[in-house]
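Trainee: got a predicted structure plus its sequence, pasted below:
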Amino acid sequence: MTKTSVSGWISRCSTRESATSSPHRNRKPARSAGSVGKGPSQAPQAAPSSTTAVTKLASGLRVRMYRIGFGDFFLLSVPAAPGVSHILIDCGVHAKDLGSMRAAVTQMAKDCGNRLALVIMTHRHADHISGFGSCADIFAQIEVERVWMPWFENPGDQKAVAFQASLVAMAGHLGRQFQARLAAKPDPEAEQLLSMAENITGGLGLAGIAANQKALNVLHGGFKGSQPAHDYYKAGDVPTLPPGLAAAGFAAEILGPPIDDTLIGQMTNKNQQYLAGVTESGDQPEKLKPFANAFRGKRDDYGDKAFEPYGYDRMMGMLDGAQPDVMAAQAQAADKTLNNQSLVILFSFGGKNLLFAGDAQWGNWENFLYGGAYGTPGHTQLTAKAQDILGKIDFYKVGHHGSANATPKDAVKAMRIGCVGMCSTQEHAYNEVPRAPLLDALRQRMNDQLARSDQVAAGADAPANPDAGALPKAFSAPSHQLFIDYAF
């Protein structure tokens, strides 16, 4: 798959043109062909249900959210025999990096005793994986049993490999264009678009290796000792849990991402957003090459009359002035495409249910909420399964750092009143994130028990955000900085 074909795919999906067929639709579950590495082998564990889950009190179950800036870094600790098992869910920061990542990873290694039962990478954005690269030396001292990733990361899926490589190449190209614009003059819009592009690549690190690639290298083979088994999942796959977690009665269900690439391409639905402002653009990218090569030519191929009434120089200036809008739309679409690759997982333990949504946007949620493309026959209202899941959740990890395009209204309205939530975010990283109307709606469902990562200091040089308010009473900050806990 070429860079141009990925551009066309993003453009096609963004404008919601339906594909006539998808090579993934008849594909076997990812687990059967997507597990590699030297991890322990055991039968897949059943998804959470009232009939199969082991009855066990959830006392001791804890979610820890680290404050590192605009990114996600969560540690889920589960009571198990003979001790506590730990699950790391993402470890990254990009925009508004507070400089606390190394301290946080060091704290996490101490928290888990240098042993993780499971590492989950929801998707490959820098603000979810950069810590694996920047703290590779620390992770090299941590033993890991299993690693879960979305099906897009499966090295045995050639289409997925080619697509990811082309997406990264496109982001690199866009990044260089935005850097050139910034070199010419200050441009706040170009700065934010460059941040989007570099969130896909991680930016260029030492020795010319993209920072995100270094992080991915750690995830695939940079842990201590015998490397873990790797699993690549899509919605509906039955995941394999490490034996200790399964024996403790812990269960997981994979709700996203979908396998249908037309859904992966569904970026937004303004009717499902909480008062999305004009700064959160829903504009879709145009194709880079709308004309066939037969219609292309050089300046000398045309006479002066071809450029009347403006003249060649003025016409080229007008075209150059429009080009940044095309690049901006491409950067936004590429960024959102990666968000829709997010693993969405429902965890269950001791009668408690926790929903981690990564950065899932509309197409990912659409598949979970309605069972397919919203508005098509049979997909016009929440499925009974979605209502059941949302109606019994006890904890929600707020999607995409509180962005308007990542937690649909229908999902919020279906959440159990009295659940709690955590939102890892940082103001002024991107326009209107976190989105105040969304957080207000969540607080209403959660009886004000919604914690924000910026409600505690990251360190001496990064105090708590006074505008974020006080930490709600359901949560604690044992060290008064660096992390927030929710204990069941």
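Mentor: Okay, I see it. It should be emphasised that the depicted structure is a prediction, and the values quoted were computed from it without experimental measurement.
Trainee: okay, which residue is most central for the protein?
Mentor: Nearest residue to the geometric centre of the chain (Cα atoms, centre = their mean): residue 359, 3.4 Å.
Trainee: right, and that one touches residue 402 too?
Mentor: No - with contacts counted by Cβ atoms under 8 Å, residue 359 stays clear of residue 402, the gap being 10.9 Å. No exception for glycine: its C-beta is placed from N, CA and C like everyone else's.
Trainee: which residues touch residue 245?
Mentor: Listed by Cβ atoms under 8 Å, 6 or more residues apart in numbering, the contact partners of residue 245 are 78, 80, 85, 87, 117-118.
Trainee: wait, residue 135
Mentor: Counted by Cβ under 8 Å, 6+ apart, residue 135 has contacts 91, 101-102, 105-106.
Trainee: looking at the residues you listed, which are in helices?
Mentor: 101-102, 105-106 (DSSP state H).
Trainee: among these, which ones are buried?
Mentor: 101, 105 (16 or more other Cβ atoms under 10 Å).
Trainee: which one of the ones in helices among the contacts of residue 135 is nearest residue 351?
Mentor: residue 105 (31.9 Å; Cβ to Cβ).
Trainee: residues contacting the closest one?
Mentor: 91, 131, 135, 138-139.
Trainee: that one and residue 447: what is the separation?
Mentor: Distance of residue 105 to residue 447, given as Cβ to Cβ, to the nearest Å: 33 Å.
Trainee: of the contacts of residue 135, closest to residue 387?
Mentor: The closest of the contacts of residue 135, once distances to residue 387 are taken by Cβ to Cβ, is residue 91, at 32.6 Å.
Trainee: give me the neighbour count for that closest one.
Mentor: 31 (other Cβ atoms under 10 Å).
Trainee: next one: residue 467
Mentor: Residue 467 has 8 nearby residues by other Cβ under 10 Å.
Trainee: likewise residue 164?
Mentor: 21.
Trainee: contact partners for it?
Mentor: Taking Cβ under 8 Å, 6+ apart as the test, what residue 164 contacts is 124, 152-153.
Trainee: filter the residues you listed down to the buried ones, ChimeraX style.
Mentor: Remark: buried members of the contacts of residue 164, expressed as a ChimeraX selection using 16+ other Cβ under 10 Å:
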select :124,152,153
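Trainee: need the three-state assignment for residue 274.
Mentor: coil (DSSP: H, G, I helix; E, B strand; the rest coil).
Trainee: relative to residue 395, how far out is it?
Mentor: Counting by Cβ to Cβ - residue 274 and residue 395 are separated by 20 Å.
Trainee: repeat for residue 463
Mentor: 27 Å.
Trainee: would you map the strands across the chain?
Mentor: Along the chain, counting by DSSP state E, strands occupy 62-66, 73-79, 84-91, 115-120, 143-150, 229-233, 251-256, 344-349, 352-356, 395-397, 420-423, 450-452, 483-487.
Trainee: for those strands, which one ends up most surrounded?
Mentor: strand 450-452 (a mean of 27; mean count of other Cβ atoms under 10 Å).
Trainee: give the bridge partners for residue 75, please.
Mentor: Beta-bridge partners recorded for residue 75 (DSSP bridges): residue 64, residue 88.
Trainee: quick one, what contacts it?
Mentor: 63-64, 66, 86-89, 108, 111-112.
Trainee: flag whichever of those residues scores worst on pLDDT.
Mentor: Within these, pLDDT reaches its minimum at residue 111, with 94.
Trainee: surely it and residue 87 touch.
Mentor: No - look at residue 111 against residue 87 with Cβ under 8 Å: they stay out of range, at 11.6 Å.
Trainee: quick check: neighbours shared by these two?
Mentor: In contact with both residue 111 and residue 87: 75, 77, using Cβ under 8 Å, 6+ apart.
Trainee: pretty sure residue 89 contacts residue 122?
Mentor: Yes - between residue 89 and residue 122 there is a contact under Cβ under 8 Å: 7.0 Å.
Trainee: what is in contact with these two at once?
Mentor: The contact lists of residue 89 and residue 122 share 72, 356, where a contact means Cβ under 8 Å, 6+ apart.
Trainee: so where's this protein uncertain?
Mentor: Scanning the chain for pLDDT under 70 picks out 1-56, 204-208, 267, 275-296, 316-325.
Trainee: kindly recompute the last result at 50.
Mentor: 1-5, 7-55, 275-288, 290 (pLDDT under 50).
Trainee: how near is the closest residue to residue 179 other than its chain neighbours to residue 94?
Mentor: Using Cβ to Cβ, 6 or more residues apart in numbering and skipping the chain neighbours, the partner closest in space to residue 179 is residue 194 (6.4 Å). Separation of residue 194 from residue 94 (Cβ to Cβ): 11 Å.
Trainee: between the two, which is the more surrounded one?
Mentor: Using other Cβ under 10 Å as the criterion, residue 194 and residue 94 rank with residue 94 on top: 26 against 21.
Trainee: surely that one touches residue 70?
Mentor: Yes - if you go by Cβ under 8 Å, residue 94 and residue 70 touch, sitting 6.1 Å apart.
Trainee: joint contacts of these two?
Mentor: By Cβ under 8 Å, 6+ apart, the residues touching both residue 94 and residue 70 are residue 127.
Trainee: I'd say residue 417 and residue 443 touch.
Mentor: No - Residue 417 is beyond contact range of residue 443, at 11.5 Å (criterion: Cβ under 8 Å).
Trainee: which one of the two is surrounded by more residues?
Mentor: Neighbours per residue, other Cβ under 10 Å: of residue 417 and residue 443, the larger number sits with residue 443, 15 against 9.
Trainee: apart from its neighbours in sequence, what residue is nearest the more buried one?
Mentor: residue 450 is the one closest to residue 443 (Cβ to Cβ, 6+ apart), at 5.1 Å.
Trainee: wait, what's in contact with the one you found?
Mentor: Counted by Cβ under 8 Å, 6+ apart, residue 450 has contacts 398, 420-423, 439, 442-443, 472.
Trainee: next one: residue 346
Mentor: 48, 252-253, 255, 353-355, 389, 393.
Trainee: what separates it from residue 312, distance-wise?
Mentor: Taken as Cβ to Cβ, the span from residue 346 to residue 312 is 60 Å.
Trainee: quick one, helices of the stretch 201-350 of the chain?
Mentor: 211-221, 243-247, 261-264, 312-339 (DSSP state H, counting those that start in this stretch).
Trainee: need these in JSON lines (columns: distance to residue 165).
Mentor: Below are the helices of the stretch 201-350 of the chain laid out as JSON lines (distance: least, Cβ to Cβ, whole Å):
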{"stretch": "helix 211-221", "distance to residue 165": "10"}
{"stretch": "helix 243-247", "distance to residue 165": "33"}
{"stretch": "helix 261-264", "distance to residue 165": "16"}
{"stretch": "helix 312-339", "distance to residue 165": "13"}
